[in-house]
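[1] Everything below, folded, please.
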Amino acid sequence: MADDPTKTPPTRERVRTYMERAGLLADQTTLHEVTGDASNRQFIRVIPANGTTHVLVIHPEPINPGTLPLINVGQLFKQMSIPVPAILGTENDLGIVVLEDLGDVTLQGHLAQASTHERITRYEEAIGLIVMIQREGRHLESPTFEPFGLAFDVAKLTWELDFFVDHFLVRHRQRSLTEVDRTSLAEEFLSLARELANEPRVLCHRDYHSRNLMVHGGQLYVIDFQDARMGPDTYDLVSLLRDSYVELDRSLVERLIAHYLTLSPPVAASDYGSRFDRMAVQRNLKALGTFGHQVATRGKTRYLDAIPRTLSYLRETFTRNPRFTRLQDLLAIHLDELRT
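    This is a model prediction of the structure:
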């Protein structure tokens, strides 16, 4: 068994029970751990000696398929014709969802070997899926689907910004903030959160970047969609084009924003650039909070490489847009990378 991903007793026992139920124990089945997201779920690829590979999504507790966001949002995206991995089954008492195996090629990995033309084509494909999510979300809105009852409101947006302070500035960078520092940042964060929360809302994937898009069978598939909710129409596009894992120069970003606007006629183009910047600041700060938490609290150093790029994006936005001069000044006290 490669890497023995089931060494933790509770997980090992649950996986063994699953394999016994599926008739795989005597089948020379191998298991491989799959690199997961920033959640507390585990992912294990099951490779039968004879049969189709699949992936187990192992939750820390038993699950209820009727309320599990992974299943609820997956069904919604299926109705929209968004390519997502098929759900092959569940073992509710074991906390396991069995998913179609899409392989290991993320958009991030694919882009590393892609030509310029292929990069643009894939990004345009990804933007097309954003537009589909937004457009079909307007038609399918229903209490049946959990994302329509959730939103990036002032409370949620502010919580994410506070998370950045506590987990990136304080825990990861070990900066000491005075009460004046915290109060001043809180004022700027509240202003930003209110502006974003007041924008018209569309359905958002919520974490739409190059590690959550898989290249499979010649097309993009969307994964890690369980946190979908309503939010600004800039949210998913910012996640894709100000991606902490892939470097995109400004000229390409502007070209791809223009492509999005041609596909989404209801969007007013006149102020989209400033709204994109506003969302980018919040999204980048939120990402830094996540990275700080994963590194400082959970010891996941693989997120370290994404921090310089995210700070660079922030500095670029701050430098270009005077709306954020005060926020830049406040953060630059603690982050050398943001100093002018």
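[2] residues in contact with the residue positioned nearest the centre of the chain?
    For the chain, the residue sitting closest to the mean C-alpha position, by Cα atoms, centre = their mean, is residue 207 at 2.2 Å. Shown in contact with residue 207 (Cβ atoms under 8 Å, 6 or more residues apart in numbering): 37, 224-225, 227, 239. Where C-beta positions appear, they are placed from N, C-alpha and C, glycine not excepted.
[3] at 10 Å what do you get?
    37-38, 223-228, 235-236, 239, 283, 287, 290 (Cβ atoms under 10 Å, 6 or more residues apart in numbering).
[4] just these: which has the poorest pLDDT?
    The weakest per-residue confidence within those falls on residue 38 (64).
[5] Does residue 157 touch residue 281 like I think?
    No - checked against Cβ atoms under 10 Å, the pair residue 157 and residue 281 is beyond contact range at 11.0 Å.
[6] Am I right that residue 127 sits in a strand?
    No - the assignment for residue 127, made by DSSP: H, G, I helix; E, B strand; the rest coil, is helix rather than a strand.
[7] Tell me how far it lies from residue 102.
    20 Å (Cβ to Cβ, to the nearest Å).
[8] Settle it for me: which of these two has more neighbours?
    Set residue 127 next to residue 102 and count neighbours by other Cβ atoms under 10 Å: residue 127 wins out with 23 against 19.
[9] Pull the contacting residues for that one.
    208, 236-237, 240-241, 256-257, 259-264.
[10] farthest pair in those?
    Of all pairs drawn from the contacts of residue 127, the widest gap by Cβ to Cβ lies between 208 and 262 and measures 19.0 Å.
[11] Neighbour count for the two, which is higher?
    Neighbour count, other Cβ under 10 Å: between residue 208 and residue 262, residue 208 has more, with 25 against 11.
[12] ok so, going back, so which of the contacts of residue 207 would you say is closest to residue 200?
    Residue 200 lies nearest to residue 235 out of the contacts of residue 207, by Cβ to Cβ, at 11.8 Å.
[13] Which strand or helix spans the residue nearest to the centre of the chain?
    Following DSSP states H and E, there is no helix or strand that holds residue 207.
[14] show me where the stretch 1-150 of the chain has helices.
    9-21, 69-79, 107-111, 116-140 (DSSP state H, counting those that start in this stretch).
[15] Compare those and say which comes out lowest on pLDDT.
    helix 9-21 (a mean of 87).
[16] Skipping its backbone neighbours, what lies nearest residue 224 in space?
    Nearest non-adjacent residue to residue 224, counting by Cβ to Cβ, 6 or more residues apart in numbering: residue 212, 4.3 Å away.
[17] Is the one you found in contact with residue 107, as I believe?
    Yes - with contact defined as Cβ under 10 Å, residue 212 reaches residue 107; the gap is 8.3 Å.
[18] hmm, back to that, buried ones only from the contacts of residue 207, please, as a ChimeraX command.
    Per 16 or more other Cβ atoms under 10 Å, the buried members of the contacts of residue 207 correspond to this ChimeraX selection:
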select :223,224,225,226,227,228,235,236,239,283,287,290
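[19] Mind pulling the model confidence for the residue nearest to residue 72 when sequence neighbours are not counted?
    Leaving out its chain neighbours, the residue that sits closest to residue 72 by Cβ to Cβ, 6+ apart is residue 146, at 5.0 Å. pLDDT for residue 146: 96.
[20] how deep is residue 146 tucked in, by neighbour count?
    Neighbours of residue 146 using other Cβ under 10 Å come to 17.
[21] Kind regards, and thank you for your time.
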